[in-house]
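**Student:** give me the fold of what follows.
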Amino acid sequence: MDDLSTITWRQDGGVGWVTLARPDRYNAFDQVMCDELSALWRHLRTDDSVRAVVLGAEGAKAFCTGIDRDFVPSEGGAEYTFSPYTYDDPGKLLGPKSNELWKPVIAAVDGIACGGAFYLLGEVDFIIATEASRFFDPHVTYGMPAVYEPLLMLHRDMPLGEILRMTLLGNHERMTAARAREIGLVSEVVADAAALEDAAGWAAAAIASAPPAAIQATLRSLWAGRELSRQQALDLGGTFLALGMSEEALAEGQKVFEGERIIPRER
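**Tutor:** Sure, this is the predicted structure:
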């Protein structure tokens, strides 16, 4: 992870910080960013020193504005074909879940998040945003169907009507951070970038303090519950419980129970 050019990485204890680093392009993704993010998510699957991740972006103008208009695929420089039989979605492996990373990822959004940004926001576990953040999907305004991005957002807590409104209005309306919190897209709104780093770092550190097997089994259970029927998810419950339960994790939890009392935040 020393030769990254479109993202940066740092680690503080059990928390990893991934930052989109193309502010001159409003953190739009190109093939290099796709490859670097996918490789990083896959690396983190087996890096036991990282227990939770914060995903942010450089610059105050944009978290991510989707695909770079100068995007060039890596396979021989050939243009993508739009045949339904051969089309490869360029954002397919941008997100952590698409790369089978089942460690918590918190998005820290500051500025514009639009279009292909939802490949990332659709696969994080929760979102914290600054008051200045704005969310929208401009695809249809520019004559492009909005397909993958709104489909990913269906798995968040946004009402269907809000997803349809944001998608169909395209570039004509931007959702404020306050409205995003009202409808469940964002879990917390903070004043500015400094408060954003504090809030995301606090949440990630709190998660990282718990036994990782219990966290990952819980995470996998809840995402499965969103995609399966109620009974199918409950039937898998025993498997996830067994995967996340261990004598080591219980002993670690017992130390927390017997130790200094945790003073919880209120939100």
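
**Student:** and the most centrally placed residue in the chain, what element?
**Tutor:** For the chain, the residue nearest the mean C-alpha position is residue 124 (2.5 Å; CA atoms, centre = their mean). Taking DSSP states H and E as the definition, residue 124 sits outside all helices and strands.

**Student:** and stretch 84-96, how far out from the chain middle?
**Tutor:** Offset of stretch 84-96 from its chain centre (CA atoms, centre = their mean, to the nearest Å): 17 Å.

**Student:** do the same with stretch 28-47
**Tutor:** 13 Å.

**Student:** and for stretch 225-244?
**Tutor:** Worked out by CA atoms, centre = their mean, stretch 225-244 lies 22 Å from the chain centre.

**Student:** and what of stretch 192-205?
**Tutor:** 15 Å.

**Student:** in that stretch, which residues are buried?
**Tutor:** 193, 195, 196, 197, 199, 200, 201, 203, 204, 205 (16 or more other CB atoms under 10 Å). (C-beta placed from N, C-alpha, C; glycine too.)

**Student:** can you check stretch 204-224 too?
**Tutor:** Quick answer for stretch 204-224 (16+ other CB under 10 Å): 204-205, 207-212, 214-221, 223.

**Student:** what about residue 217, distance to residue 236?
**Tutor:** Per CB to CB, to the nearest Å, residue 217 is found 11 Å from residue 236.

**Student:** helices along the stretch 1-150 of the chain, start to end?
**Tutor:** Under the criterion DSSP state H, counting those that start in this stretch, helices of the stretch 1-150 of the chain are mapped to 31-44, 117-121, 148-153.

**Student:** export these to TSV and tack on mean neighbour count?
**Tutor:** Formatted as TSV, those follow (neighbours: other CB atoms under 10 Å):
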stretch	mean neighbour count
helix 31-44	19
helix 117-121	27
helix 148-153	19
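
**Student:** JSON lines for the ones you listed, including mean pLDDT and distance to residue 249?
**Tutor:** Output for those, formatted as JSON lines (pLDDT from 0 to 100; distance: least, CB to CB, whole Å):
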{"stretch": "helix 31-44", "mean pLDDT": "96", "distance to residue 249": "20"}
{"stretch": "helix 117-121", "mean pLDDT": "97", "distance to residue 249": "30"}
{"stretch": "helix 148-153", "mean pLDDT": "92", "distance to residue 249": "31"}
